[in-house]
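> sequence unknown, structure follows:
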């Protein structure tokens, strides 16, 4: 069997971005959370907020460091493995990538140093300002990178000649049709993901008598946040779906497992899509519901995959099932929040052992939902890198051989399989240590020679 | 090709990208150098050495991303040809930077893990430095190009010349790192950094001499650029200044002058070498194939990015300078930082 550099490059891309996205999924939300905690400490001067902020900042610094190093890898992938994509799209996409760096990465990285090490070196307001700048940086980064991703899904504002894209209208490029919905849905997903991690850790702390009070603060705040954001995210997801139906009908048909055009269309709850046979086997359908959800009307038409040439259809099975995984997790989250409110009204929330255990288990659920949603949208874009215009098979670097990419993929695989478990272990240890740092009342020794680097500025 | 344009933005971009790349080489150069020296330093000084760069390293690496994406934005053809051509050195560099970066966060585990990540920190720094030098070397050598794509193999980069430039950059970053440690330390550690700096300087001078002899032999165009009249006389200040700066750097490493002297002399040597390479290759961005103008992106792309860059760059430089100011001064193991 010969090694296909295209397939291997795709596997490598999926691998490096799949791991990388877990980190912004956590740090975008956590940066905003820490900015809020720092704000609470600044205005209320309650030491508990300081303790909680320090606790999360230590965890943040580890995940952010991992995010930086796995993120540096990403732009280079465009060059190493996708050079023809780069040559074709650079005129349009590269300024946005550059703006992400100029507006976001510099802001985050520089002010992170002050946030982590500078509490005693700068005035209190400047420290709070640094926390806010880190949070702002993560949001700016989301803005630009999702604009790039959205343009690949719903290209606009360009002309196409000599095999390359040229910019015509920058507003149309940046605010391309799927961008506002993708941005809202994605940032909300990152916030919810962080919310569940915080909730899970809060639940763990509630079960330890010595951390009960801090655990209650953490848990209650996360609960309140998720009560708003989980339902909101479901609404945003619906809006994003409508947008996909309009601009990327083939992706939508794959999500639905729908081969024949129908009006009204049923909703296929589960089934087994078969690409070659052009059908979804064992389908469990609910009549009319498909039209109701996708067109918000009882008789709306839903286009089937058979109306697209076979070589312009995405792989249906992964799109179909990753979507169901994402929605399933979202509904489970909603159920969990509902149960939490029931328990709260009975006054049993913080002492209910089984429920706190459940919250702990749900802690990482957001990551799974993010990966599933990402799979839906990215695999659903296939066989294109720029939807309808540039094929994935025409995007890969022509000089690469199968063994080249196999070696590089194995190298990335080995390093990530070492780095991620190690990082998770370090963060888990920080969680087990708990929010223990007291507010130092003696002058802090700025950069001591020993002790965890993240704790340096705070160690008395 | 740019005729009919009101403004040719390429020279502005050349300055911006040259500045970004130079700032990257300077900033991440000294912290990669510090990383390499960490591996050689006595156990007792190691934590302090790491603290000399802990608050600033990830900001420094951000310049690498800027160099990469600015090249993509302004000279996309060069990006699309050069990056696949240096597939493996880029891979090696990225993975080395991963090890180096996470070891800042991971070192405080059990002792055996601590040793592992400390090793990752210094070895990662060394490998990343070597890989960057090898990229530079294979860039100077040039690539096999057909039309708009790189047409060679993924192993073309590996030549005696690129290995030499890889080792040269390790010495160069080591010199910058030693200069930085001299600024941040006192007593025994500073003496040690000076001694290490002298060894690195020796390596750097050998490398500068080797490149100066090797490249004109390798490429007649480079020989003509430097040795034809009147260029020979016009460009003479560069080798002369290099010799003066080498002497100044050596004197500083012997303890003459203020503690910042060695770092700035090393910086000047980098700047001169950088200038030398630029003069050799100008105006090519893909040596022997495409000029800066031929490889450039659409004028609309350049203009769109330039507006924001001219606004953001001064802000970035300001708050970067501020963060260096916050973490100024000597590191000391026993008392505070300020």
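Received it, and whenever you're ready, just let me know what you need. Computed from a prediction, not measured in an experiment: that's the story for all the values here. Numbers count the residues shown, from 1 in each chain, chains lettered A, B, ... in the order given.

> show me where the stretch 101-250 of chain B has its helices.
Secondary structure of the stretch 101-250 of chain B (DSSP state H, counting those that start in this stretch): helices at B:111-141, B:160-184, B:187-218, B:220-227, B:231-234, B:237-253.

> mean pLDDT per helix and strand in chain B: which one sits at the bottom?
Between all helices and strands in chain B, the lowest mean by mean pLDDT, DSSP states H and E belongs to helix B:46-51, at a mean of 80.

> and the helix or strand just after that helix, what does it pack against?
Downstream of helix B:46-51, the first helix or strand assigned by DSSP states H and E is helix B:57-74. Packing partners of helix B:57-74 (3 or more C-beta pairs under 8 Å, 6 or more residues apart in numbering or on different chains; DSSP states H and E): helix A:47-80, helix A:83-99, helix A:106-117, helix B:10-40, helix B:76-85, helix B:87-106, helix B:299-326. C-betas here are computed from N, CA, C, even on glycine.

> please repeat the previous calculation with a cut-off of 10 Å.
On a contact count with 3 or more C-beta pairs under 10 Å, 6 or more residues apart in numbering or on different chains; DSSP states H and E, helix B:57-74 meets helix A:47-80, helix A:83-99, helix A:106-117, helix B:10-40, helix B:76-85, helix B:87-106, helix B:111-141, helix B:299-326.

> give me the distance from it to the chain's centre.
Taking C-alpha atoms, centre = their mean, to the nearest Å, one finds helix B:57-74 lying 12 Å from the centre of the chain it belongs to.

> could you give the angle of it to helix B:299-326?
170 degrees (axes from the mean of the first three to the mean of the last three C-alpha atoms, to 10 degrees).

> turn the helices of the stretch 101-250 of chain B into a markdown table, including mean pLDDT and mean neighbour count.
Converted to a markdown table, the helices of the stretch 101-250 of chain B look like this (pLDDT from 0 to 100; neighbours: other C-beta atoms under 10 Å in any protein chain shown):
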| stretch | mean pLDDT | mean neighbour count |
| --- | --- | --- |
| helix B:111-141 | 88 | 21 |
| helix B:160-184 | 93 | 25 |
| helix B:187-218 | 91 | 18 |
| helix B:220-227 | 88 | 14 |
| helix B:231-234 | 87 | 10 |
| helix B:237-253 | 92 | 17 |
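
> how far away is the closest residue to residue A:363 other than its chain neighbours from residue A:193?
In space, and not counting its chain neighbours, residue A:363 is closest to residue A:200: 2.3 Å by C-beta to C-beta, 6 or more residues apart in numbering or on different chains. Distance of residue A:200 to residue A:193, computed by C-beta to C-beta, to the nearest Å: 11 Å.

> likewise for residue A:370?
The gap separating residue A:370 from residue A:193 is 6 Å, by C-beta to C-beta.

> what's the answer for residue A:181, then?
Applying C-beta to C-beta to residue A:181 and residue A:193 gives a distance of 18 Å.

> higher neighbour count, the two?
Set residue A:181 next to residue A:193 and count neighbours by other C-beta atoms under 10 Å in any protein chain shown: residue A:193 wins out with 25 against 21.

> which strand or helix spans the more buried one?
Here residue A:193 is assigned to helix A:179-206, by DSSP H and E.

> show the subsequent helix or strand relative to that helix.
With secondary structure assigned by DSSP H and E, helix A:179-206 is succeeded by helix A:212-247.

> what is the mean pLDDT for the helix or strand that that next one is followed by?
Next in sequence after helix A:212-247, counting helices and strands by DSSP H and E, comes helix A:249-256. Helix A:249-256 carries an average pLDDT of 89.

> give me the helices and strands touching helix A:249-256, please.
Counting contacts by 3+ C-beta pairs under 10 Å, 6+ apart, helix A:249-256 is packed against helix A:212-247, strand A:267-274, helix A:289-295, helix A:316-345, helix A:365-379.

> give me whichever of the ones you listed is most buried.
Burial of the helices and strands packed on helix A:249-256 is given as mean neighbour count (mean count of other C-beta atoms under 10 Å in any protein chain shown); helix A:365-379 ranks first at a mean of 21.

> for the stretch 151-300 of chain B, what lies in contact range of chain A?
Residues of the stretch 151-300 of chain B lying close to chain A (C-beta under 10 Å from any C-beta of the partner chain) are B:151, B:152, B:153, B:154, B:155, B:156, B:184, B:296, B:297, B:298, B:299, B:300.

> could you flag which of those residues are buried?
Among those, those that count as buried by neighbour count (16 or more other C-beta atoms under 10 Å in any protein chain shown) are B:152, B:154, B:156, B:184, B:296, B:297, B:298, B:299, B:300.

> doesn't the fifth one belong to a strand?
To tie it back to what came earlier, the one meant is residue B:296. No. Residue B:296: not assigned to a strand; according to DSSP: H, G, I helix; E, B strand; the rest coil it is coil.

> dihedrals phi and psi, it?
Main-chain torsions, residue B:296, degrees, to the nearest 10: phi -80, psi 160.

> shaky segments in the stretch 1-150 of chain A?
Applying pLDDT under 70 to the stretch 1-150 of chain A flags the ranges A:1.

> did I read that right, residue A:159 in a helix?
No. The assignment for residue A:159 (three-state DSSP) gives strand, which keeps it out of a helix.

> who does it form a beta bridge with?
Residues in a beta bridge with residue A:159, per DSSP bridges, are residue A:166.

> list the contacts for it?
A:92, A:165, A:166, A:167, A:168, A:169 (C-beta atoms under 10 Å, 6 or more residues apart in numbering or on different chains).

> ok, the second one to residue B:17 distance?
Computed with C-beta to C-beta, the distance linking residue A:165 and residue B:17 is 22 Å.

> quick one, which of the two is more surrounded?
residue A:165 (25 against 19).
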